[in-house]
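# need a 3D model of the sequence below.
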Amino acid sequence: MDNSNVGRIKHLLVKHLMGDLQDAEQKELDQWRALSESNEELYRRMSDSRYLEKRYADFTKAVHRSWENKGRKSGLWRWAIVSLAAAAAVLLVLFLPYFSKPEMKTFSAPQKGVASLVLPDGSKVWLKSASSITYPVKFSKKAREVSFTGEGYFEVVPKESEFTVSADGFKVKVTGTKFDIKSYRDDKRALTALIEGEVSIIYSDSLGVERQDRMVGGDLAVFDKKSRKNSIVKSNTSIYSAWIGGVYCFDTETLENILREVCRYYGYNLIISDSTVTQKVLSGRLKMEDDASEILEALRDFLPGHIKLESDTIIIQ
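As a prediction, this is how the structure comes out:
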């Protein structure tokens with residue numbers, strides 16, 4: 001972490017403690033928290049008033065001893081204000097460098113395409129268009145942590161250290177498995193389809209209580225980002241990774257969600273003037289290699305007169 005970023009995180013953490021964060025600053029802090037377990041650990045400590053008071057008391061005792069030993073010449077007490085904000089600032093100055101994130105890389109899939117990469121531990125990831133993953137150049141021995149947005153298919157190499165994917169509002173924790181995760185920031189829900197192995201979905205519910213739901217092969221987890229509820233059902237999870245082979249499969253999916261998927265892939269905008277039409281449910285498959293106009297033509301067969309393409313915008317009327 002460069003010095004400018006360290007200073008920025010210190011500033012945000014102190015503002016968080018004082019309850020003075022703006023929405024944009026909260027999102028920035030949440031993104032930093034999602035980068036690693038150590039960042040999240042520091043955040044939790046800086047939110048614990050009892051921890052701060054105890055650590056600050058220890059620190060002030062040490063400063064007082066130093067001040068007395070130097071004949072009260074150092075003047076260190078002039079800047080020490082006994083408050084939680086001061087405690088947070090002192091602790092951040094002393095300890096934040098030890099929680100600095102490792103060197104990170106971000107990999108993104110191109111528009112209208114699928115990209116793949118091999119992570120430092122040998123695990124493989126495929127990313128769909130408008131998706132990206134951030135990961136360390138080298139994983140630590142204790143944990144393998146990545147942050148992710150969009151849709152991706154993971155084949156995680158089994159190791160003693162757990163592999164954690166931090167997405168929008170929840171985490172997927174595994175040791176070795178194959179699964180597809182879909183969590184775009186503008187989606188109302190996130191999907192995790194487990195092909196084989198076992199994973200745990202970790203999230204905080206509407207009351208802020210941390211939950212951990214276990215999944216086994218063939219399970220589909222549907223996480224509602226607004227209500228903070230997660231449900232797990234049995235499903236033909238293999239269809240959720242069919243996009244790797246160039247086929248987009250959808251089973252009882254709303255037209256709105258299907259069109260948002262098409263728009264992301266082809267880089268189109270979406271305008272909805274008739275919301276009742278977009279809630280109609282469809283099942284089927286589309287070839288991702290086809291031109292967008294061909295895909296829309298197929299959808300028009302289901303809803304004639306409701307779907308229109310103008311330049312780079314799909315209009316539902």
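# tell me where the stretch 1-150 of the chain has helices.
Taking DSSP state H, counting those that start in this stretch, the helices of the stretch 1-150 of the chain run over residues 3-17, 23-34, 37-46, 49-69, 84-95.
# distance of the closest residue to Lys142 other than its chain neighbours from Cys263?
Leaving aside its chain neighbours, Lys142 sits nearest to Ser161 (5.9 Å; criterion: Cβ to Cβ, 6 or more residues apart in numbering). C-beta here means a position set from N, CA and C on the backbone, and glycine is covered the same way. Distance from Ser161 to Cys263, counting by Cβ to Cβ, to the nearest Å: 38 Å.
# look at these two and report which has more neighbours.
Cys263 (17 against 14; other Cβ atoms under 10 Å).
# not counting sequence-adjacent ones, nearest residue to the more buried one?
Using Cβ to Cβ, 6+ apart, the closest residue to Cys263 is Leu270 (4.8 Å).
# the one you found in helix, strand or coil?
strand (DSSP: H, G, I helix; E, B strand; the rest coil).
# that one contacts Ile258, doesn't it?
No. The criterion here is Cβ atoms under 8 Å, and Leu270 misses it with Ile258 at 10.7 Å.
# neighbour count: those two, which is higher?
Ile258 (20 against 15).
# what mean pLDDT does the strand or helix carrying the more buried one get?
Counting by DSSP states H and E, the element that carries Ile258 is helix 255-266. Mean per-residue pLDDT for helix 255-266: 88.
# which strands and helices lie in contact with that helix?
Helices and strands touching helix 255-266, as assessed by 3 or more Cβ pairs under 8 Å, 6 or more residues apart in numbering; DSSP states H and E, comprise strand 247-254, strand 269-272, helix 275-278, strand 281-287, helix 292-302, strand 313-316.
# ok, Ala298 to Asn269 distance?
From Ala298 to Asn269 the distance is 20 Å (Cβ to Cβ).
# so for the residue nearest to Cys263, what's the pLDDT?
89.
# which residue ranges make up each domain of this structure?
Using automatic domain parsing, the domain parsing of the chain gives 3-99, 104-239, 247-316.
# could you say which of the ones you listed is packed most deeply?
Among the domains of the chain, domain 104-239 has the highest mean neighbour count (mean count of other Cβ atoms under 10 Å), at a mean of 17.
# any idea of the mean pLDDT in it?
Mean predicted confidence for domain 104-239 is 93.
# end to end, how far does it reach?
End-to-end span of domain 104-239 (Cα to Cα, to the nearest Å): 32 Å.
# how far off centre is that domain?
From the chain centre to the centre of domain 104-239 is a distance of 9 Å (Cα atoms, centre = their mean, to the nearest Å).
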